[in-house]
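Visitor: Sequence and predicted structure are below.
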There are 2 protein chains.
Amino acid sequence: MEQENNNTMPKYSRLKEYLKEQMKRGVIAPGSQLPSENMLAEEFKISRHTVRQALNDLENEGLIFREQGRGTFRSYPTSGKGKIVALVTTYISEYIFPEVIRGIEEVLSAAGCTLLLASTGNDQKKEAACLESLLQQKISGLIIEPTQSARKNVNLKYYRDLEKRGIPYLMLHAYYPELDPAYIIMDDEKGGYMAAEYLIQLGHKKIAGVFKADDRQGVKRRDGFLKALKKYGVKITPDLLGAYETAQLYSYPYQFGRALFAKGEQPTAMVCYNDQIALMVLEALRDEGIKVPEEFSLLSFDDSSLAVASEVKLSSIKHPKAAMGRQAARFILDMIEDKVIKVRQVYQPELILRSSCRALV
Amino acid sequence: MEQENNNTMPKYSRLKEYLKEQMKRGVIAPGSQLPSENMLAEEFKISRHTVRQALNDLENEGLIFREQGRGTFRSYPTSGKGKIVALVTTYISEYIFPEVIRGIEEVLSAAGCTLLLASTGNDQKKEAACLESLLQQKISGLIIEPTQSARKNVNLKYYRDLEKRGIPYLMLHAYYPELDPAYIIMDDEKGGYMAAEYLIQLGHKKIAGVFKADDRQGVKRRDGFLKALKKYGVKITPDLLGAYETAQLYSYPYQFGRALFAKGEQPTAMVCYNDQIALMVLEALRDEGIKVPEEFSLLSFDDSSLAVASEVKLSSIKHPKAAMGRQAARFILDMIEDKVIKVRQVYQPELILRSSCRALV
DNA sequence: TATTACAAGTTGTCTGCACAAGTAAAAAAA
DNA sequence: TTTTTTTACTTGTGCAGACAACTTGTAATA
């Protein structure tokens, strides 16, 4: 693997590769004895010292163990147990991540693996630091939610490094097309389209939208949203289209909500990037004295616990959350076991109707 | 260390110990070059091969690195960086845990450490499995929230094992007194007392309470609650005192809420184990047609995001959440660095007033 | 001055040998 | 038959030497 089997490779390395291959193929079963050092030396026409060099390496890698006077044996592979799978998300406590993480942890712990957790705060510098420290650990696989996925990623080299080391990784929620990785995502564009279409079919003509600008999910949802407006001939008004970045998360949505009616436009409905945003907009609308859903329809994404916690139960586009996490964990385990090379799954959006939208009469 | 420095020890082992000692004393500084193999061979009157045997071991232990043509160098000790701290909580996604976890992760990643996460679902069997697999990993420290802390713990042996291995651990939210461990907890009894006292001072005379029975936090909060009732001479009615265990989490609180007024008692206020329970009770009260806070006062614990998500903003006893997580992480890091042996911190409860309670006139 | 070639020193690979220490089974002795 | 000893094997430790591959500083060259 490391090099070709040509003669440029040192003899002890060739022996190592040979033995590894034999183990992989099952010719040398776990627990069974390897040929003695002298036999290997004779067979490969190399000195015993060179054989020992190879065996020392294999011993350090944990593939074999030796007992003085008895012989050398293949060690019992721990069969996936005790492996570490790393998870890097943008956030840990916010939004729907806790549930996704729970789903992942569920499957991993059931498989006897442990979960190494890190978060980036959606900051590429922190993502670099995370990957840096994860690469120091002996991780068997990585599930990662890309950071500011709509921007150019500066940390591609870490992913290349993972590939070099043969550590599989799986991207969640979004992915960098340059890497052509395994991924599990939502069909966010379709989701955006469905959201807008639903409001249009309720009779809304002036529909606002606010989306996250630095995540691919946000861009996709907006694209689908605009696509639906265009398809149904609904006018797209710049004033009604909001965009924010991570840093503005706690200020922009409320302000946008307060400013919605200031500019003469009189929107009757709105699509929000997610429930978190929708609640902030809801707060703004309440402060403006506008009642939801009587005077204004609100539709958002992710169907999080927030959607049912408020007095107005939000209609929202479902996110599989824990199920997606479990699926991601199963996939990465399969990838670690070499069962599958590259998985790709796209969840179809589904609209959960509650009481935040109303048909215009 | 492994043996005495007598002659029974192999030569290469003696050289290893010698070099380790030199590094420990700082004679060989990190990054600095070691004597060449030939020099060491000459100095110790051993063959170069034997020197290499020692150096190979040290290289595998990560203490030195070698560069062909340049020499052998002491590697830079990662000084606390790259260490793994494990965290075992009852839940990951529910309740306030995400925020606690976030706080912990914040501090750890800033210190260059990584977080190994596992959850028990408040099940002692799963706790055993967690600890089992964690002990296989090279963890430097452990933060753990005890499982069903009000019950007798069957997993004490794992903690003894940790102690034997010199791996520090810190208990969160509750602790097993048998272990006399380091801990960070809330003063739950005082919190329960404060909650009841507040409602009593508002003029309530019939106060219900529902608490978790299998966690020490629940028991303590109930104890404080009852203590206050007794002190102020408020009658304690068994029908108004609810207790549930983990398995009943999603059924009991709602049923208890619905049944509150069936038995002739007419409580005017209630203390709930936490916000999550309070919301379920709130749902039950709504279905019973009872308005909060007009007809009924509700007070709960933890000041979680749920407390402000509902239409009735819950008054709640504050939980430090992320701050507590950060503190826990700082403590465990200190313990790993041997700066402190055993830390103990008890957070004082604080009542956050919102709009779920009203004074009786 | 800048470049190239060389020399000295480093670790990497490899051979061959010898004996020690430990295991397991066969052989010998009780 | 049971016990002890021997023997033949295993891996562990150690020596001496050789050349390859690589780095670095110095000397020779352009």
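Guide: That came through fine.
Visitor: ranges for the strands of the stretch 201-350 of chain A?
Guide: A:207-212, A:241-244, A:269-272, A:297-302, A:315-318, A:344-347 (DSSP state E, counting those that start in this stretch).
Visitor: what does the second one rub up against?
Guide: Residues external to strand A:241-244 that are found in contact with it (CB atoms under 8 Å, 6 or more residues apart in numbering or on different chains): A:Ala208, A:Gly209, A:Val210, A:Phe211, A:Lys212, A:Ala213, A:Gly218, A:Arg222, A:Tyr252, A:Pro253, A:Phe256. Quick note: C-beta positions are derived from backbone N, CA and C, even for glycine.
Visitor: Show the residue spans covered by the helices in chain A.
Guide: Using DSSP state H, the helices of chain A run over A:11-25, A:37-44, A:48-60, A:97-110, A:124-136, A:156-165, A:188-201, A:216-231, A:252-259, A:275-288, A:306-309, A:322-336.
Visitor: Return the residues of the stretch 151-300 of chain A in contact with DNA strand D.
Guide: Counting by CB under 7 Å from any atom of the strand, the stretch 151-300 of chain A comes close to DNA strand D at no residue.
Visitor: ok now do A:Gln348, which residues does it touch?
Guide: A:Asp187, A:Lys190.
Visitor: what does chain A put close to DNA strand C?
Guide: So far as CB under 7 Å from any atom of the strand goes, chain A lies against DNA strand C at A:10-13, A:45-50, A:53, A:67-70.
Visitor: Which of those residues scores worst on pLDDT?
Guide: Minimum pLDDT for these is recorded at A:Pro10 (85).
Visitor: what about it, how many neighbours?
Guide: Using other CB atoms under 10 Å in any protein chain shown, A:Pro10 is surrounded by 13 other residues.
Visitor: That one and A:Gln53: what is the separation?
Guide: 9 Å (CB to CB, to the nearest Å).
Visitor: Can you pick out the most distant pair from the residues of chain A next to DNA strand C?
Guide: Greatest spacing in those, by CB to CB: A:Pro10 and A:Gly69 (28.9 Å).
Visitor: follow-up on the earlier one: tell me the one of the residues of chain A next to DNA strand C nearest chain B?
Guide: Among these, A:His49 lies closest to chain B (CB to the nearest CB), at 8.2 Å.
Visitor: Now do the same contact list for the closest one.
Guide: Under the contact definition (CB under 8 Å, 6+ apart), no residues are listed for A:His49.
Visitor: Distance check, it against A:Lys11.
Guide: For A:His49, the distance to A:Lys11 - CB to CB - is 11 Å.
Visitor: ok, now A:Met280?
Guide: A:Met280 is 67 Å from A:Lys11, by CB to CB.
Visitor: any idea how far A:Arg330 lies from A:Pro181?
Guide: 17 Å.
Visitor: The two: who's more crowded?
Guide: A:Pro181 (20 against 17).
Visitor: Quick check: that one touching A:Tyr175?
Guide: Yes - counting by CB atoms under 8 Å, A:Pro181 touches A:Tyr175, with 5.5 Å between them.
Visitor: Count the residues that sit near the residue lying closest to A:Leu240 once chain neighbours are set aside.
Guide: When the adjacent residues along the chain are set aside, A:Leu240 lies closest to A:Ala208, with 3.9 Å between them (CB to CB, 6 or more residues apart in numbering or on different chains). When neighbours are defined as other CB under 10 Å, A:Ala208 has 25 of them.
Visitor: One more: the one 3 residues further on?
Guide: A:Phe211 sits with 26 neighbouring residues when counted by other CB under 10 Å.
Visitor: Find the nearest non-adjacent residue to it, please.
Guide: A:Arg222 (4.0 Å).
Visitor: Tell me, please, the helix or strand in chain A that averages the lowest pLDDT.
Guide: Using mean pLDDT, DSSP states H and E, helix A:306-309 stands out as the lowest-scoring helix or strand of chain A, at a mean of 78.
Visitor: what's the distance between A:Glu337 and DNA strand C?
Guide: Distance, A:Glu337 to DNA strand C, using CB to the nearest atom of the strand, to the nearest Å: 30 Å.
Visitor: what about that residue, how many neighbours?
Guide: 15.
Visitor: ditto for A:Pro267
Guide: A:Pro267, neighbours per other CB under 10 Å, totals 18.
Visitor: what sits against it?
Guide: Applying CB under 8 Å, 6+ apart to A:Pro267 gives the contacts A:Lys206, A:Ile207, A:Ala208, A:Leu240, A:Leu260, A:Phe261, A:Phe296.
Visitor: And for A:Val51?
Guide: A:Tyr12, A:Leu15, A:Glu37, A:Leu40, A:Ala41, A:Phe44.
Visitor: Just send those back as TSV, with distance to B:Tyr169 and neighbour count too.
Guide: Converted to TSV, those look like this (distance: CB to CB, whole Å; neighbours: other CB atoms under 10 Å in any protein chain shown):
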residue	distance to B:Tyr169	neighbour count
A:Tyr12	43	19
A:Leu15	44	23
A:Glu37	44	19
A:Leu40	46	21
A:Ala41	49	18
A:Phe44	49	17
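Visitor: just to revisit the earlier point, tell me what the least confident helix or strand of chain A is packed against?
Guide: In terms of contacts (3 or more CB pairs under 8 Å, 6 or more residues apart in numbering or on different chains; DSSP states H and E), helix A:306-309 is packed against helix A:275-288, helix B:306-309.
Visitor: Run the chain-centre distance for the first one.
Guide: In terms of CA atoms, centre = their mean, to the nearest Å, the centre of helix A:275-288 is found 28 Å from the chain centre.
Visitor: Keeping just the C-alphas, turn that helix into PDB.
Guide: Taking Å, rounded to 0.1, in the frame of the first residue of the first chain, the C-alpha atoms of helix A:275-288 are listed here in PDB:
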ATOM      1  CA  ASP A 275     -37.000  27.500  14.000                       C
ATOM      2  CA  GLN A 276     -34.500  29.500  16.000                       C
ATOM      3  CA  ILE A 277     -34.700  32.400  13.600                       C
ATOM      4  CA  ALA A 278     -38.500  32.000  13.400                       C
ATOM      5  CA  LEU A 279     -38.800  32.500  17.100                       C
ATOM      6  CA  MET A 280     -36.700  35.600  17.000                       C
ATOM      7  CA  VAL A 281     -38.900  36.900  14.200                       C
ATOM      8  CA  LEU A 282     -41.900  35.900  16.100                       C
ATOM      9  CA  GLU A 283     -40.700  38.000  19.000                       C
ATOM     10  CA  ALA A 284     -40.200  40.900  16.700                       C
ATOM     11  CA  LEU A 285     -43.700  40.500  15.300                       C
ATOM     12  CA  ARG A 286     -45.200  40.400  18.700                       C
ATOM     13  CA  ASP A 287     -43.400  43.600  19.600                       C
ATOM     14  CA  GLU A 288     -44.800  45.100  16.400                       C
END
